[in-house]
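> Using only what follows, build the 3D model:
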Amino acid sequence: MGATYGTVSIKGPTREALADWLRSKSIDAFVTAEQNGWTTFSDRETDQLDPRWIEPLLQRLTLDLSCIGIAITVYDEEQLGLWVAKHGVLQSRYDSCPGMEMSDPGEEDMRPRLEDAPALLATLGKPAAPDDLLPILGIDGAKDYIDPLELHEELATYLGLPENSVGLSHRYVLKDKIDLSEQGLIRTVES
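Have a look, this model is predicted:
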């Protein structure tokens, strides 16, 4: 099985404000240093790729901290999911390979699917840049195959997300006994 992880990035609030919010909700998470106004975390539940957790978490977080947020999940290095919310309202969803979960997908089912591209672009502060972001997401059909890890890297670069947000995984940090200070991470709940 390839890399599987989930992260949430927010723009605006400080790292300390995010960590305090996570602590107030008793969410065990690892939080990156802020970069270009973005701060990323990976928590135990988001890391399990459950949209029933991710969507409400993203909505509550962006409402409480009056910010925008983007959740990105990678499943088995084969599928990337993305959700964008602003001030508590889910703005857009993206799935790099929606047919992966179907028993007999058609060719169209295997193409990337994006809900409300204009809202995604506007929320991320790129309303005039569909020619930049949509090809990255493979929406224009220019890519035959979308590698989720490469896509996450491209998105991180394009949006200015923290470098170590790509591949950040709650379970891998614990399993590999990562040195938090060396990686610039803080943990919101003491073990």
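
> State the paired neighbours of the one helix or strand Phe30 maps to in the sheet, together with their directions.
Element membership of Phe30, judged by DSSP states H and E, is strand 29-31. Strand pairing for strand 29-31, determined by DSSP bridges: strand 38-43 (antiparallel), strand 186-187 (antiparallel).

> what about the first one, distance to the chain center?
For strand 38-43, the gap between its own C-alpha mean and the chain's C-alpha mean amounts to 8 Å (CA atoms, centre = their mean, to the nearest Å).

> So which of the strands paired with strand 29-31 is the most surrounded?
strand 38-43 (a mean of 25; mean count of other CB atoms under 10 Å). Placement of C-beta: from N, CA and C, glycine included.

> Break down this structure into its helices, ranges please.
With DSSP state H, the ranges of helices along the chain come out as 15-24, 51-64, 117-123, 130-136, 148-159, 170-175, 180-183.

> Mind checking the pLDDT average for the shortest one?
In this model, helix 180-183 has a mean pLDDT of 87.

> show me where pLDDT drops low in the protein?
1, 102, 105, 127-130, 141-143, 191 (pLDDT under 70).

> Enumerate the beta-bridge partners assigned to the spatially most central residue of it.
The centroid of the chain falls nearest to Ile72 when counting by CA atoms, centre = their mean (2.1 Å). Beta-bridge partners for Ile72, by DSSP bridges, are Thr7, Leu82.

> next one: Ser92
Ser92 forms beta bridges with Val84, as assigned by DSSP bridges.

> I figured it was touching Ala122, is that so?
No - with contact defined as CB atoms under 8 Å, Ser92 does not reach Ala122; the gap is 9.3 Å.

> These two: who's more crowded?
Per other CB atoms under 10 Å, whichever of Ser92 and Ala122 has more neighbours is Ser92, with 21 against 16.

> Who are the contact partners of that one?
Going by CB atoms under 8 Å, 6 or more residues apart in numbering, Ser92 touches Leu82, Trp83, Val84, Leu114, Glu115, Asp116, Ala117, Ala119, Leu120, Thr123.

> try it again with 10 Å
Applying CB atoms under 10 Å, 6 or more residues apart in numbering to Ser92 gives the contacts 70, 82-86, 114-124.

> Now list the buried members of those residues.
Buried members of the contacts of Ser92, counted by 16 or more other CB atoms under 10 Å: 70, 82-86, 114, 119-124.

> Distance check, Ser169 against Asp47.
Ser169 is 6 Å from Asp47, where distance means CB to CB, to the nearest Å.

> returning to that earlier point: quick check: the residue nearest to the centre of the chain touching Arg93?
No - contact criterion CB atoms under 10 Å: Ile72 and Arg93 do not qualify, at 11.5 Å.

> All set, thanks.
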